[in-house]
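**Q** Please find the sequence and the predicted model below.
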Amino acid sequence: MKKAFLTGITGQDGSYLTELLLGKGYEVHGLIRRSSTFNTDRIDHLYRDLHDPKARLFLHYGDLSVSGQLMDLLHSISPDEIYHLGAQSHVRVSFDMPEYTGDITGLGTLRILEAIRKTGIKTKFYQASSSEMFGAAPPPQSEKTIFQPRSPYAAAKVYAYHLAQNYRDAYGIFAVNGILFNHESPRRGETFVTRKITRAATQIKMGLKEKLYLGNLDAKRDWGYAGDFVEAMWLMLQQEKPDDFVIATGETHSVRDFAEKVFSRLDLDYQKHVAVDPRYFRPTEVDVLLGDPSKAKKILQWQPKVNFDQLIDMMLAADLEIARKEKTLFDAGFARTNSERFS
Ligand code: NAP
Ligand code: GDD
């Protein structure tokens, strides 16, 4: 039985990847943070009581800021594959917390790579690199495009990207960079723009909210489905040689297009409900992301299965269900509405 170790297992991608790996028969170990509220919602459906002999998912407390413990964990688990997904992953927040973002998103990668090097375990390492690294570089962006990062988050990811390449060259570690463009799902964090829109639009549909405040409506992103993208992560670690790959759909849409489509699916006019709040603008913006995934198609034989419209339908169906439950609670006098979220 192959063993995998995931950082960021409680995040969007961590949950889909865990599903995939358990489905392939892996034993999965994940790093989780101690939190005063439960932070395992996205993986609770996969967890079995440890007394169950069939349990194959194991969680370990830790933090990407603590190297000694990462070393101990990697030494004792000795995983065949490491998927390093943990990060302060919010671009807007990285302007508010640049030092923390550099520590966790940048140095966090160094701590894992050093743990691999110092323990000497034989493993394969996946670095969650990002299309955000392309920043101001004109589209389409591919593996050959020069990075022009536009945020502390992007700068930290560029640092981590080069570390993965350097540890590959210097120490012969099987380290790969998956340069993933934006990918979304019903499990997407609620302060990322797609989910912020589908959550608010469905609440508006149920009469729980009137307005949605957004930032830059003109930004364009290449949005895919997280379930498809984690498959590409796994494929990268099944190759004979380590390499770096862009993972994208090859289509781009503006935030405005996304909002318009979501509201019209619900028979609502987005112009009546969406307002711009400068609070959500970034000091520097990435205007257009559009990936060229031809290398991944050719070498990994990977391509996305879920298209833009299907992604919206999937997110809307899940959020309508949540909004219906909220409405029931609200009518019974329990729920809070109109909660404006940060970022
Ligand atoms: P996410 O939902 O924000 O998940 C981030 C994960 O990192 C969570 O499990 C979080 O734990 C964990 N984490 C944060 N700080 C940590 C710390 N100090 N120590 C240990 N764990 C920590 O992100 P995602 O969308 O799944 O993305 C996964 C990775 O891919 C990230 O590295 C992200 O930057 C990168 N990426 C994402 C996209 C995208 O479009 N989704 C595209 C390109 C690259 P808690 O649950 O406790 O907060
Ligand atoms: N979050 C947010 N909230 N974004 C908004 C809003 C808003 O109210 N209004 C407009 N936007 C715009 C942002 O300015 C940005 O141009 C675009 O919507 C997408 O924002 P996010 O959904 O926050 O994602 P991101 O592109 O900044 O970052 C995500 O994708 C990266 C890959 O390119 C994150 O998942 C990163 O972790 C990931 O690396």
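**A** Arrived safely. Numbers count the residues shown, from 1 in each chain. Ligands and ions are numbered 1, 2, ... in the order given.

**Q** Next, Y100: secondary structure please.
**A** helix (DSSP: H, G, I helix; E, B strand; the rest coil).

**Q** again with R199
**A** helix.

**Q** Just to check, it is in contact with G189?
**A** No - under the contact definition of Cβ atoms under 8 Å, R199 does not touch G189, with a separation of 10.5 Å. Quick note: C-beta positions are derived from backbone N, CA and C, even for glycine.

**Q** neighbour count winner among the two?
**A** When neighbours are counted by other Cβ atoms under 10 Å, R199 and G189 differ, and R199 comes out ahead with 23 against 15.

**Q** buried stuff in the longest helix along the chain?
**A** Using DSSP state H to define each element, the chain has its longest helix at helix 308-331. Along helix 308-331, these residues count as buried under the neighbour rule (16 or more other Cβ atoms under 10 Å): 308, 311-312, 314-316, 318-320, 323, 326-327, 330.

**Q** pLDDT-wise, what's the bottom of the residues you listed?
**A** Lowest model confidence among the buried residues of helix 308-331 falls on F330, which carries 90.

**Q** Low-confidence regions, the chain specifically.
**A** Residues of the chain meeting the criterion pLDDT under 70: 335-343.

**Q** All the helices of it, in order from the start?
**A** Remark: helices assigned in the chain by DSSP H are 12-23, 67-77, 91-96, 98-101, 108-119, 152-171, 193-205, 226-237, 255-265, 270-273, 294-295, 308-331.

**Q** want to throw the ones you listed into a markdown table with distance to ligand 2?
**A** Listed next are the helices of the chain as a markdown table, based on distance: least, Cβ to the nearest ligand atom, whole Å:
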| stretch | distance to ligand 2 |
| --- | --- |
| helix 12-23 | 8 |
| helix 67-77 | 21 |
| helix 91-96 | 4 |
| helix 98-101 | 10 |
| helix 108-119 | 13 |
| helix 152-171 | 7 |
| helix 193-205 | 4 |
| helix 226-237 | 10 |
| helix 255-265 | 5 |
| helix 270-273 | 13 |
| helix 294-295 | 18 |
| helix 308-331 | 13 |
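
**Q** Start and end of stretch 90-107, how far apart?
**A** Using Cα to Cα, to the nearest Å, the end-to-end distance of stretch 90-107 comes out at 16 Å.

**Q** What lies in contact with that stretch?
**A** Counting by Cβ atoms under 8 Å, 6 or more residues apart in numbering, the neighbours of stretch 90-107 from elsewhere in the structure are 64-65, 86-89, 132, 151-157, 159-160, 189, 191-192, 280, 282-283, 286, 342-343.

**Q** Report the buried members of those.
**A** Among those, those classed as buried by neighbour count (16+ other Cβ under 10 Å) are 64, 86-89, 132, 151-157, 159-160, 192, 280, 282, 286, 343.

**Q** Ligand 1 next: which of those are close?
**A** Restricting these to those touching ligand 1 (Cβ under 6 Å from any ligand atom) yields L64, G86, A87, Q88, S89.

**Q** Quick check, the second one in contact with G62.
**A** It refers to G86. No - using Cβ under 8 Å as the test, G86 is too far from G62 to be in contact (9.4 Å).

**Q** which residues are common contacts for these two?
**A** Between them, G86 and G62 share these contacting residues under Cβ under 8 Å, 6+ apart: L31.

**Q** Tell me the spacing between the closest residue to ligand 2 within the stretch 1-150 of the chain and R279.
**A** For the stretch 1-150 of the chain, the nearest residue to ligand 2 under the criterion Cβ to the nearest ligand atom is S130, separated by 3.2 Å. For S130, the distance to R279 equals 24 Å [Cβ to Cβ, to the nearest Å].
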